[in-house]
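Undergrad: sequence and predicted model, in that order:
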Amino acid sequence: MNNNNNNKRNRIPRGYLPEDSDRRLDWLKSEHDFELKNLPPNKTEELKGIIENHVGFMQMPMAIAGPAIIDGKYAKGEFAIPLCTIEGSLAASMNRGLYASSLCGGMKVKHFRQELSRSPIFIFDDLKKSDEFQIWVNEHLDEIKKAAQSTTQYGKVIRIDQYAIQNYVLLDFILDTGNAAGQNMVTLATNVACEYIRQETGHKFFLDSNLASDKKASSRNMILGRGHGVIAETHITKSVMSRVLNVDPDFVIENWTYFPIVSAMAGTLGNAIHASNALTAIYIATGQDTACVAENSVGHFTVEKVDDGITWRLTLPSMTVGTVGGGTRLNQQQQNLKLLGCDSGEHSSRKLAEIIAAAALGLEISLGSAIMSHTWTSAHMKYGRK
C-alpha cells in the first residue's frame, strides 16, 4: 500500500485515471474495511417524500477525503469523508487540511446543542389582549407541550420561548429531533400545539413568523442555533505547517488579524472562510437538505499561537442534519452514512454533525494556509481546470 500512497502515512492515492479510482476504492477497503459500491438508483415508488414529478436521476462525481482522526463526544476514530462536488480543488484542499491534522493527533470535537425551532405568530388588536395571551400560555405550558409531543415518538419538546413585539406574540417551539433533521417533525408538532391554543383561546395564528430563520442566515441562529451546535479544534505543529501547509505559523498569526476585522466591516455573520463548501459537498453525499447550508454555514473561525504551532478552531452553531428520513433513504447516500458509521445508533445524527464540523475545519485550515502562502490561485489553476 505504501507504493500507491507515495510513501505518505495513510495518504489517499492520487490521480485521475480509472485505475487511480480503483486504488482509492482499494484504499477504503484496506484502511477502513469498507467496500464502496456504485449502487443502482432507488425505485421510483421509493421516492415519495423525497421528490415530486420525478423523471430520472442525475449523477454527481464523488470523492473521499481524509484521514480525519476525530476525538468527539459521539465521533471517535478515523474517518474517510464522502464528498460530492463539481468544484475542482475542494476535495484536495479538505484532504490536505485533514491530513495535516492527522499528523498531529487529529481533531477534538465537542457537540454542545441540538435544538430545532419553529416560530408561529399570534396577532392581536391591542396590547391588553396580547398580554392576557402570554399569561394564558404560561399557565398552560404543560398542556401545550403535551399537544406538541403527541405528534412525535422520537422528538422531544425542550421548551417554548415567547417573544413580544408590537401587537404580536411569537411562540418559539424548540425540539430535540433525535436522529432526524426534523424540519417536518417540528412543523407538525408546532401546528398541532397551535391548533390546541386556537381551540382553547379563539386566537388565530400563522405557523411561521420567520423568527426561526429556516434556511436563512440570521443572528438568531448564530446565537441559538437551528439543529446541531458543534465546535472543532486541532493543533498543527510548525514542522507540519511548513511541510504540508507551506506556511509558517508565526507569519499566519502576525497577518491573520485582518480577517475578522474586514469580516466585521463587510457585515458577515461569523467569520468562517468557506464552510459552505464543506457542508454542501457532505450534505449531498449523505442525503441532507442542501438549502440548509444558507444558515448552517455561519461559523466562527479562529487561529491561536500555541507552543510551536497553531491551534485552529471552528464553531458551527447551526447544523440541520439527520441520519434518518428524507434523502438519507437514497441508496448511495445510505451507503455513505454507513461508511461514516452514521447509518444507525442512538446518537448517529450528533456523530454526523461532529464529523462534518471536523471536515469543515480541515477545509478552513487548508484555504487559510493557501491565502497566507499565496498559493490559492496556483492550487485552483492546478486542480480547478481541465
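TA: Nice, I can see it.

Undergrad: quick one: buried residues of the host helix or strand of residue 240?
TA: Following DSSP states H and E, one finds residue 240 within helix 238-240. Buried residues in helix 238-240, counted by 16 or more other C-beta atoms under 10 Å: residue 240. C-beta: built from backbone N, CA, C; applies to glycine.

Undergrad: which residues sit against it?
TA: 100, 103-104, 248-249, 308-309 (C-beta atoms under 8 Å, 6 or more residues apart in numbering).

Undergrad: so what does the helix or strand that that helix is followed by touch, helix or strand wise?
TA: As assigned by DSSP H and E, the chain's next helix or strand after helix 238-240 is helix 249-255. Other helices and strands packing on helix 249-255, by 3 or more C-beta pairs under 8 Å, 6 or more residues apart in numbering; DSSP states H and E, are strand 300-306, strand 309-319, helix 348-372.

Undergrad: nearest to residue 47, out of the ones you listed?
TA: Evaluated over the helices and strands packed on helix 249-255, closeness to residue 47 peaks at helix 348-372, with 22.2 Å, by C-beta to C-beta.

Undergrad: now do that closest one: distance to the chain's middle.
TA: Offset of helix 348-372 from its chain centre (C-alpha atoms, centre = their mean, to the nearest Å): 9 Å.

Undergrad: do stretch 134-141 as well
TA: Per C-alpha atoms, centre = their mean, the centroid offset for stretch 134-141 relative to its chain is 35 Å.

Undergrad: kindly report the same for stretch 233-245.
TA: For stretch 233-245, the distance to the chain centre is 24 Å (C-alpha atoms, centre = their mean).

Undergrad: what average pLDDT does it get?
TA: Across stretch 233-245, pLDDT averages out at 97.

Undergrad: pull up the distance across it, start to finish.
TA: From its first residue to its last, stretch 233-245 covers 17 Å (C-alpha to C-alpha, to the nearest Å).

Undergrad: coming back round to it: by neighbour count, which of the contacts of helix 238-240 wins?
TA: Neighbour tally across those (other C-beta atoms under 10 Å): the maximum, 24 neighbours, falls on residue 249.

Undergrad: pick the most buried one from the helices and strands packed on helix 249-255.
TA: Neighbour counts (mean count of other C-beta atoms under 10 Å) averaged over each of these peak at helix 348-372, with a mean of 27.

Undergrad: Serialize the contacts of helix 238-240 to JSON lines and add fields for distance to residue 338 and pLDDT.
TA: Formatted as JSON lines, the contacts of helix 238-240 follow (distance: C-beta to C-beta, whole Å; pLDDT from 0 to 100):
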{"residue": "100", "distance to residue 338": "27", "pLDDT": "97"}
{"residue": "103", "distance to residue 338": "27", "pLDDT": "96"}
{"residue": "104", "distance to residue 338": "29", "pLDDT": "97"}
{"residue": "248", "distance to residue 338": "41", "pLDDT": "95"}
{"residue": "249", "distance to residue 338": "38", "pLDDT": "95"}
{"residue": "308", "distance to residue 338": "39", "pLDDT": "89"}
{"residue": "309", "distance to residue 338": "35", "pLDDT": "96"}
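
Undergrad: just send the residues you listed back as JSON lines, with distance to residue 25 too.
TA: Below are the contacts of helix 238-240 laid out as JSON lines (distance: C-beta to C-beta, whole Å):
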{"residue": "100", "distance to residue 25": "24"}
{"residue": "103", "distance to residue 25": "24"}
{"residue": "104", "distance to residue 25": "28"}
{"residue": "248", "distance to residue 25": "37"}
{"residue": "249", "distance to residue 25": "36"}
{"residue": "308", "distance to residue 25": "38"}
{"residue": "309", "distance to residue 25": "34"}
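
Undergrad: for the closest residue to residue 123 other than its chain neighbours, which residues count as its bridge partners?
TA: In space, and not counting its chain neighbours, residue 123 is closest to residue 168: 5.6 Å by C-beta to C-beta, 6 or more residues apart in numbering. Beta-bridge pairing for residue 168 (DSSP bridges): residue 123, residue 165.

Undergrad: and residue 209, what pLDDT?
TA: pLDDT, read off for residue 209, is 97.

Undergrad: so where is the stretch 151-300 of the chain shaky, pLDDT-wise?
TA: Judged by pLDDT under 70, the stretch 151-300 of the chain has no weakly predicted residues.

Undergrad: now the strands for it?
TA: 156-165, 168-176, 205-206, 227-237, 300-306 (DSSP state E, counting those that start in this stretch).

Undergrad: next one: the stretch 1-150 of the chain
TA: Counting by DSSP E, counting those that start in this stretch, the strands of the stretch 1-150 of the chain are 62-71, 76-84, 107-118, 121-123.

Undergrad: can you list contacts of the first one?
TA: In this structure, residues lying in contact with strand 62-71 by C-beta under 8 Å, 6+ apart are 10, 12, 24, 28, 31, 76-85, 91, 94-95, 98-99, 101-102, 105-109, 285, 332, 336, 354-355, 358-359, 362.

Undergrad: just the last one next, same as before
TA: Taking contacts as C-beta under 8 Å, 6+ apart, the residues outside strand 121-123 that touch it are 130, 133, 167-171, 197, 203-206, 208-209, 211.

Undergrad: closest one of those residues to residue 187?
TA: Once C-beta to C-beta is applied, the member of the contacts of strand 121-123 that ends up nearest residue 187 is residue 208, at 8.3 Å.

Undergrad: surely the closest one touches residue 119?
TA: Yes - the pair residue 208 / residue 119 is scored as a contact, 6.7 Å apart, by C-beta atoms under 8 Å.

Undergrad: turn the strands of the stretch 151-300 of the chain into TSV, including distance to residue 373.
TA: TSV is the format used below for the strands of the stretch 151-300 of the chain (distance: least, C-beta to C-beta, whole Å):
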stretch	distance to residue 373
strand 156-165	45
strand 168-176	43
strand 205-206	52
strand 227-237	14
strand 300-306	14
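
Undergrad: good, we can wrap up now.
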